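Q: for reference, the sequence and a predicted model appear below.
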Amino acid sequence: MAGATYGAGPALIGITTELEPARWSDWVREAALLPVSYLRAIERVRAVPVLIPPSIRAAVAAHVERLDGLVIAGGADLDPSLYGEPPHERTGPPQPHRDGFELALLRAAIDADLPFLAIGRGMQALNLLREGSLIQHLPDVVGGDAHAPASGWTGRHRVQLSASSALGRILGEQVEVPTRHHQAIKRLGKGLVAVGWAEDQVVEAVELQGYRFGIGVQWHPEEGEDLRLFEALVRVASGGRL
């Protein structure tokens, strides 16, 4: 079983990042970037965040061996070629290095039974790993922009959860969530179960069957005040149960 700190101190929770140009002081350099809200959420539930930049795939095993839990963070669109489609005009430019690394990291985490929470793009990566596909631009399907009200802004909407799911036990049958996404699951991946839906029936949450903690959410819990998902991840990563 993966994880290095059971019973030996705060859980180490890895969080994926992206590589983007950034400016600070007189520098303009490529940097490993992550919204600080992820770090604060993990710190607030008394765990230690560990940033994971896209790296060589040989680094995947070391990450999985040393971490107690994993958050696959949100970010840019996944390459549509991964699910056999040409890009939509609103789909962002591909990031093959990040896509390949995070898919390999997720695969290794699952093989090692490492608890994970996949957020936004992370849930979509999990779905692709399990041979699912994506809706590339939700407004084309649902006829509105409720899931991403404006560029750079986070909206809110309600999600209905399956009462019998792990997520339902954590959050209850209905929850209001911070939302910001223009893509979503189209064909559900193998071994995944849809456990949360928006009012327009867009899949908002999935769970990996038979796994101690493998949850994907389309919304952004790090942008809100409800820490129950992170608390549950850290509890399981520390050797406890839901």
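A: Perfect, thanks for sending it.
Q: make it CA atoms for all contacts and neighbour counts henceforth
A: Fine.
Q: now do the strands in the protein.
A: For the chain, the strands defined by DSSP state E occupy 12-16, 18-24, 27-33, 48-52, 69-72, 116-119, 134-135, 155-161, 174-179, 184-185, 192-198, 203-208, 214-217.
Q: can you redo these as a markdown table with distance to Gly92?
A: Converted to a markdown table, these look like this (distance: least, CA to CA, whole Å):
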| stretch | distance to Gly92 |
| --- | --- |
| strand 12-16 | 19 |
| strand 18-24 | 14 |
| strand 27-33 | 17 |
| strand 48-52 | 22 |
| strand 69-72 | 19 |
| strand 116-119 | 18 |
| strand 134-135 | 13 |
| strand 155-161 | 20 |
| strand 174-179 | 18 |
| strand 184-185 | 14 |
| strand 192-198 | 24 |
| strand 203-208 | 21 |
| strand 214-217 | 21 |
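Q: which residue packs closest to Met34, ignoring adjacent ones?
A: Actually, residue 34 is Leu rather than Met. Of all residues not flanking Leu34 in the chain, Thr17 sits nearest, at 5.3 Å (CA to CA, 6 or more residues apart in numbering).
Q: the one you found touches Pro49, doesn't it?
A: No. Thr17 lies out of contact with Pro49 (CA atoms under 8 Å); the separation is 11.8 Å.
Q: measure stretch 192-212 end to end?
A: 13 Å (CA to CA, to the nearest Å).
Q: got the buried residues for that stretch?
A: Buried positions in stretch 192-212, judged by neighbour count with 16 or more other CA atoms under 10 Å: 192, 194-198, 202-208, 212.
Q: same check on stretch 12-24?
A: So for stretch 12-24, counting by 16+ other CA under 10 Å, buried means Leu12, Ile13, Gly14, Ile15, Thr16, Thr17, Glu18, Leu19.
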